[in-house]
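Asker: Only the shape, not the letters, is given here:
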């Protein structure tokens, strides 16, 4: 009996899910064997991230088990280390101990999606929340509630204001949906749960590099963009136009206008990059790093290499390139499946002809803007349409049922406002500080020590003299803050950044463990 053709999909997103749909009959017939490789054994549905952040849907509703989603295919849960195109082999490693595995293919489908670009400004990776990964979203959800918990007991008005200021970088779909949901959430929390906090104390600031909101809509559908702007102008949200976030520290958002916003919460909704695997490949890429395909979705026809989704630069039938939207990943994955079958059956390939369906942006409070096949809708009708499509796009049935149930009951039983913290006394964090920013303040409690991984800091004490006497300058590889930690006392001096500084923060438990292991 002839061996089945080995089709391997890299990435467990929509492209792979719809590839499976297209190949299912041939898999059952034994003609094709499909393997899907992903580092996570779940699929993240980003359409409901903003509602998950504010407790409208349960945290687990935005993730679907890979074993359910990819039923009928082999699922290979491992990290992709490299691809040997000449041998048609993928090398993977397991998380347990790094053991390597080899996966061979006849057809390779690349659907790796996109990743956060943490190189766009200083402090992005260390001091901002990002929404690409499930853990990033879950961490932000808990952090938001925790800010209200801490603010309610904070006596210092400056620190209280910092705790209740939320900065969002990006006025795109993701940024606006997060901002509007957070605004409604803040009003609910202060009215019902946190009676010592006034709603007016909460500040939600959107940093927008352009002059309008929702750039995805502004060019083709200016009426929708104008409706969204009008709705935002009536809200509690401040939008700073023609402004960029240039650095993020644990205490401030530093802007291109030279303004600094005191905050404990910076959410980055801008900038993606492609998989670092692409850097080692000779496959053609466009200016944004996406893999270029032909109209059949081939990256390298002779090698049977295909690409779809956010990582693929696919020619749009009407000109230009297809946008990185879920609906295009779905239709591209399905089209690749059909073309693989045509290749096996020695039939001519068919070009990709999908031009789009429409999209929408939820503005919370039962409002949205959107378009469907060119028909523009706003307000309540758009919001209902948006919710219907969210249900349709959820990839597995049990998540649809659970989400529908959450939507039906939360107005009556309330939202999820639990803040979960890992009980990890030996935590280590990466931090970034700008020049002249205070890192440690004399008199504060000593709850952690710091190792300098990049830059220089200055140590000085509070005095009436000007200029202040610098007691020491510490450089890369040196550390500070250990005295107050080990003696369990208050800080005996101030420490500020002399240059831009990157640090490793060792909480008290980690510092004590390190001391014990050395001695």
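Answerer: All right, it came through fine. For clarity, every value in this text was computed on a predicted model and none was experimentally measured.
Asker: going forward, measure contacts and count neighbours with C-alpha atoms only.
Answerer: OK.
Asker: Tell me which residues are up against stretch 29-46.
Answerer: 3-13, 16, 20, 23, 26-27, 62-67, 70, 73-80, 132-134, 394 (Cα atoms under 8 Å, 6 or more residues apart in numbering).
Asker: ends of that stretch, how far apart?
Answerer: 34 Å (Cα to Cα, to the nearest Å).
Asker: let's number from 215 now, not from 1
Answerer: Got it, first residue is 215 now, which makes that one stretch 243-260.
Asker: Tell me how the chain divides into domains.
Answerer: Domain ranges of the chain: 219-253+292-328+488-558, 338-485+573-627, 642-732, per automatic domain parsing.
Asker: neighbours of the closest residue to residue 308 other than its chain neighbours, just the number please.
Answerer: Once flanking residues are discounted, residue 308 sits nearest to residue 292: 4.9 Å by Cα to Cα, 6 or more residues apart in numbering. Using other Cα atoms under 10 Å, residue 292 has 21 other residues around it.
Asker: pLDDT score assigned to residue 292?
Answerer: With respect to pLDDT, residue 292 scores 97.
Asker: ok, back up a step: give the PyMOL command for selecting the buried subset of the contacts of stretch 243-260.
Answerer: The buried subset of the contacts of stretch 243-260, as determined by 16 or more other Cα atoms under 10 Å, is captured in PyMOL by this line:
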select buried, resi 219+220+221+222+223+224+225+226+227+230+234+237+240+241+276+277+278+280+284+287+289+290+291+292+293+294+346+348+608
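Asker: In helices, which of the contacts of stretch 243-260 appear?
Answerer: Among the contacts of stretch 243-260, DSSP state H puts 230, 234, 237, 240, 241, 280, 281, 348 in helices.
Asker: Could you find the closest non-adjacent residue to residue 664?
Answerer: Nearest to residue 664 is residue 719, by Cα to Cα, 6+ apart, at 4.6 Å.
Asker: Next one: the one you found from residue 464, what distance?
Answerer: In terms of Cα to Cα, residue 719 sits 12 Å off from residue 464.
Asker: what do these two both touch?
Answerer: By Cα under 8 Å, 6+ apart, the residues touching both residue 719 and residue 464 are residue 645.
Asker: Run the chain-centre distance for stretch 669-688.
Answerer: Its chain's average C-alpha position is 39 Å from that of stretch 669-688, according to Cα atoms, centre = their mean, to the nearest Å.
Asker: So what touches it?
Answerer: Taking Cα under 8 Å, 6+ apart as the rule, stretch 669-688 contacts 656, 689-690, 706-716.
Asker: And stretch 382-392, by the same measure?
Answerer: 264, 393, 418-423, 427-430, 458-459, 480-484, 575-578.
Asker: Among those, name the buried ones.
Answerer: 264, 393, 418-423, 427-430, 458-459, 480-484, 575-578.
Asker: residue contacts, residue 551?
Answerer: 232, 233, 234, 236, 237.
Asker: TSV please, covering those and showing pLDDT and distance to residue 252.
Answerer: Shown next, in TSV, are the contacts of residue 551 (pLDDT from 0 to 100; distance: Cα to Cα, whole Å):
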residue	pLDDT	distance to residue 252
232	98	15
233	98	15
234	98	15
236	98	19
237	98	19
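Asker: Return the member of those residues nearest to residue 499.
Answerer: residue 233 (22.4 Å; Cα to Cα).
Asker: Number of residues surrounding that closest one?
Answerer: Neighbour tally, residue 233, other Cα under 10 Å: 27.
Asker: and it, what is it in contact with?
Answerer: 547, 548, 549, 550, 551.
Asker: Tell me how far it lies from residue 523.
Answerer: 11 Å.
Asker: go on, residue 506?
Answerer: In terms of Cα to Cα, residue 506 sits 12 Å off from residue 523.
Asker: and those two? which has more neighbours close in?
Answerer: residue 523 (30 against 24).
Asker: can I assume that one is in contact with residue 323?
Answerer: No: in this structure, residue 523 is not within contact of residue 323 by Cα atoms under 8 Å, at 10.4 Å.
Asker: Look up the closest residue to residue 698, ignoring the ones flanking it.
Answerer: Using Cα to Cα, 6+ apart, the closest residue to residue 698 is residue 660 (4.7 Å).
Asker: check contacts around the one you found.
Answerer: 695, 698, 699, 702, 703, 704, 705.
Asker: cool, residue 374 as well?
Answerer: So residue 374 contacts 365, 366, 368 (Cα under 8 Å, 6+ apart).
Asker: Same list (those residues) but as CSV, adding pLDDT.
Answerer: Shown next, in CSV, are the contacts of residue 374 (pLDDT from 0 to 100):
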residue, pLDDT
365, 98
366, 97
368, 96
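Asker: Quick one, which of those are buried?
Answerer: Using 16+ other Cα under 10 Å, the buried ones in the contacts of residue 374 are 365, 366.
Asker: Just the ones of the contacts of residue 374 in helices?
Answerer: Filtering these for helices - DSSP H - leaves 365, 366.
Asker: Looking at the contacts of residue 374, spot the one nearest residue 559.
Answerer: residue 365 (65.1 Å).
Asker: Helix or strand: which one has the nearest residue to the closest one once chain neighbours are set aside?
Answerer: Ranked by Cα to Cα, 6+ apart and with sequence neighbours excluded, the top spatial neighbour of residue 365 is residue 374, at 5.2 Å. Taking DSSP states H and E as the definition, residue 374 sits inside helix 371-377.
Asker: next SSE after that helix?
Answerer: Next element after helix 371-377 (DSSP H and E): strand 379-383.
Asker: partner strands of that following strand, parallel or antiparallel?
Answerer: In the sheet, strand 379-383 lines up against strand 417-421 (parallel), strand 479-482 (parallel) (DSSP bridges).
Asker: chain center to the last one, what's the gap?
Answerer: Read that as strand 479-482. 11 Å.
Asker: Tell me which stretches of the stretch 515-664 of the chain form helices.
Answerer: 540-558, 593-607, 611-627 (DSSP state H, counting those that start in this stretch).
Asker: Is it possible to get CSV of those helices that adds mean pLDDT and distance to residue 318?
Answerer: Listed next are those as CSV, based on pLDDT from 0 to 100; distance: least, Cα to Cα, whole Å:
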stretch, mean pLDDT, distance to residue 318
helix 540-558, 97, 16
helix 593-607, 95, 31
helix 611-627, 93, 32
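Asker: For those, give me a markdown table that also has distance to residue 731.
Answerer: Shown next, in a markdown table, are the helices of the stretch 515-664 of the chain (distance: least, Cα to Cα, whole Å):
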| stretch | distance to residue 731 |
| --- | --- |
| helix 540-558 | 50 |
| helix 593-607 | 51 |
| helix 611-627 | 47 |
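Asker: Ranking those by mean neighbour count, which comes first?
Answerer: helix 540-558 (a mean of 22; mean count of other Cα atoms under 10 Å).
Asker: Determine the angle, from 0 to 180 degrees, between that helix and helix 593-607.
Answerer: Helix 540-558 and helix 593-607 are oriented at 30 degrees to each other (axes from the mean of the first three to the mean of the last three Cα atoms, to 10 degrees).
Asker: any weak-confidence spans in the chain?
Answerer: 215, 636-640, 732-733 (pLDDT under 70).
Asker: Buried residues in stretch 511-521, which are they?
Answerer: 511, 512, 513, 514, 518, 519, 520, 521.
Asker: ok now do the fifth one, which residues does it touch?
Answerer: Translated: residue 518. 320, 321, 322, 512.
Asker: Specify the beta-bridge partners of residue 575.
Answerer: Counting by DSSP bridges, the residues bridging with residue 575 are residue 583.
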